[in-house]
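> Below: sequence and its predicted model.
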Amino acid sequence: GNSVTQMEGPVTLSEEAFLTINCTYTATGYPSLFWYVQYPGEGLQLLLKATKADDKGSNKGFEATYRKETTSFHLEKGSVQVSDSAVYFCALSENKAAGNKLTFGGGTRVLVKP
Amino acid sequence: NAGVTQTPKFRVLKTGQSMTLLCAQDMNHEYMYWYRQDPGMGLRLIHYSVGEGTTAKGEVPDGYNVSRLKKQNFLLGLESAAPSQTSVYFCASKGERQAGYYEQYFGPGTRLTVT
């Protein structure tokens, strides 16, 4: 079956530091890959996505590249802000699978200190 | 356009009690999902629906039932609550494929505690 593994947190950073959250996946087909973000007390929001190998997703200064050869989709941001404090989830969806279900990683809590 | 809404936001149940969580979406989406979120385990799919009148089991369906009588609503029921069902429950919906991907839209969550 499909699975997503991401680094455990919490990750604590100072403002303007560089952020990397590792994500690797196992899938039987050719999935789409996503990063979702959950701010305190809220539901999940789509942060960025990539639908095929070598695609780069980007949004709000965050980037992730779909690497088929290493089955990875690492999230990066060059200079974090306090407002980036949240839980980040890596996920995949096999588009031809019944229900187009999402498979999530365990989530990584990020805390950015001023 | 409210998106995906969930009621209630919080609930405390005693073991053995029953309750229903309501999810509503106003985006005319065909697909709807129920997830539970537990620390360190991400979100796990409980049940889902690919259209009005349909339901299917997800990864962790035991102890839950669902119904999709109307396209805009997806109900999650607990017939006899257990402490293991203490969790945060999220509903999501998904529309048509856009530019090669499918985005799920999430509700704000329901925090359920079973004592």
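Thanks, I have it.
> In a helix, B:Met32, correct?
No: counting by DSSP: H, G, I helix; E, B strand; the rest coil, B:Met32 is not found in a helix; it is strand.
> Touching, it and B:Gly95? I think so.
No: with contact defined as Cβ atoms under 8 Å, B:Met32 does not reach B:Gly95; the gap is 10.7 Å. Backbone N, C-alpha and C define where each C-beta goes, glycine included.
> If you count surrounding residues, which of these two has more?
Set side by side, B:Met32 and B:Gly95 show more neighbours around B:Met32, with 29 against 15, by other Cβ atoms under 10 Å in any protein chain shown.
> ok, that one - contacts?
Contacts for B:Met32 (Cβ atoms under 8 Å, 6 or more residues apart in numbering or on different chains) come out as B:23, B:25, B:48-49, B:68, B:74, B:91-94.
> neighbours around the closest residue in space to A:Leu75 that isn't next to it in sequence, how many?
Once flanking residues are discounted, A:Leu75 sits nearest to A:Ile21: 4.4 Å by Cβ to Cβ, 6 or more residues apart in numbering or on different chains. If you count neighbours by other Cβ under 10 Å, A:Ile21 ends up with 23.
> Would you check how far apart A:Ile21 and A:Thr51 are?
Separation of A:Ile21 from A:Thr51 (Cβ to Cβ, to the nearest Å) stands at 20 Å.
> what about B:Lys14, how many neighbours?
B:Lys14, neighbours per other Cβ under 10 Å, totals 8.
> bridging residues for the most centrally placed residue in chain B?
In chain B, the centroid-proximal residue (Cα atoms, centre = their mean) is B:Trp34; its distance is 2.6 Å. Beta-bridge pairing for B:Trp34 (DSSP bridges): B:His47, B:Cys91.
> pretty sure it contacts B:Phe74?
Yes: here B:Trp34 reaches B:Phe74: they are 6.8 Å apart, a contact under Cβ under 8 Å.
> who are the neighbours in contact with the residue nearest to the centre of chain B?
B:21, B:23, B:45-48, B:58, B:64, B:66, B:74, B:76, B:89-91 are the contacts of B:Trp34 under Cβ under 8 Å, 6+ apart.
> Make a PyMOL selection of the buried ones in those.
Filtering the contacts of B:Trp34 down to the buried ones (16 or more other Cβ atoms under 10 Å in any protein chain shown) takes a single PyMOL command:
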select buried, chain B and resi 21+23+45+46+47+48+58+64+66+74+76+89+90+91
